[in-house]
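Chemist: 3D, please:
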Amino acid sequence: MTKVFILDANQQPLYPVRISRARLLLSQGKATVFQRYPFTIILKESLSHLTLEQLGFKIHPGVKTTNTIVGKDKKI
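Modeler: Next up is the predicted model:
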């Protein structure tokens, strides 16, 4: 399952959303593309009622490719 990074209007990161939700926000005009790689969208209006969760981030360097992991689990 691929996720899309999302920022609020103040460029604060929010929890990543599914591609279908990001596509819906873009088609409704509620968001615009902020960055193409990694694909990130930014909301046009700020949302004050959201609660943010802590996310873990880890980089796995490999011989041919480097993978990144973002998730809710603290054991990442």
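Chemist: ranges for the helices of the chain?
Modeler: Using DSSP state H, the helices of the chain run over 19-27.
Chemist: what about the strands in it?
Modeler: Secondary structure of the chain (DSSP state E): strands at 3-7, 13-18, 31-35, 40-43, 56-61, 66-71.
Chemist: could you list the paired strands of the fifth one along with their orientation?
Modeler: Read it as strand 56-61. Strand 56-61 has the following strand partners under DSSP bridges: strand 66-71 (antiparallel).
Chemist: quick one, the helix-or-strand element of the chain with minimal mean pLDDT and strand 3-7 angle?
Modeler: Across the helices and strands of the chain, the lowest-confidence element by mean pLDDT, DSSP states H and E is strand 66-71, at a mean of 80. Per axes from the mean of the first three to the mean of the last three Cα atoms, to 10 degrees, the angle that strand 66-71 makes with strand 3-7 is 70 degrees.
Chemist: ok, back up a step: export the strands of the chain to CSV and tack on mean neighbour count and distance to Leu24?
Modeler: Yep, even glycine has a C-beta here, placed from its N, CA and C like the rest. Output for the strands of the chain, formatted as CSV (neighbours: other Cβ atoms under 10 Å; distance: least, Cβ to Cβ, whole Å):
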stretch, mean neighbour count, distance to Leu24
strand 3-7, 18, 11
strand 13-18, 15, 9
strand 31-35, 15, 9
strand 40-43, 19, 11
strand 56-61, 9, 26
strand 66-71, 11, 21
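Chemist: this completes my enquiry, with thanks.
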